[in-house]
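Engineer: compute the structure for the input listed below.
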Amino acid sequence: MSYNFRVGQTYYPPNLRSVSNQPVETPVKKPFEQWLSDKLDADQSETRAITFSQHALNRLQQRSITLTDSGLGKLQDAVQKAADKGAKESLIMMDNVAYVVNIANRKVITVVDSLHMKNNLFTNIDSAIFV
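Structural biologist: The predicted structure is shown next:
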């Protein structure tokens, strides 16, 4: 098989041609500002998400603590407030339940309900939020 080329002509191998024998279109390039905006939006949505350590999940289950969608939203807002103030480890009190949260990782470390809170000592926290 031989090919004849002219100067300035673009060659597309047969496997890169579409069914209509036309060259495959190259993707449209986004301006840098659009890429940056998309990346920042994705990062912000990821940072809003709160995760729970296995220990915290076990405590929720053992103590029959339920967290509604609105409760999770309140917890996320409290974590965001703590992050805005520069907190690192926070105790968040909400509906008679204490949540110890690592703010940088947005991870709930442990959960204690009011029945198990008596004589408990919370250490290594630098802030407390009451919701």
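Engineer: in the protein, which spans are strands?
Structural biologist: Assigned by DSSP state E, the strands in the chain fall at 51-52, 89-94, 97-102, 107-113, 127-130.
Engineer: which one of those strands lies nearest to R59?
Structural biologist: strand 107-113 (4.4 Å; Cβ to Cβ). No exception for glycine: its C-beta is placed from N, CA and C like everyone else's.
Engineer: tilt between the closest one and strand 97-102?
Structural biologist: 160 degrees (axes from the mean of the first three to the mean of the last three Cα atoms, to 10 degrees).
Engineer: what's the mean pLDDT across strand 107-113?
Structural biologist: Across strand 107-113, pLDDT averages out at 93.
Engineer: tally up the residues packed near S53, please.
Structural biologist: Around S53 there are 17 other residues, counting by other Cβ atoms under 10 Å.
Engineer: can you pull the contacts of it?
Structural biologist: Contacts here follow Cβ atoms under 8 Å, 6 or more residues apart in numbering; on that basis S53 touches K107, V108, I109, T110.
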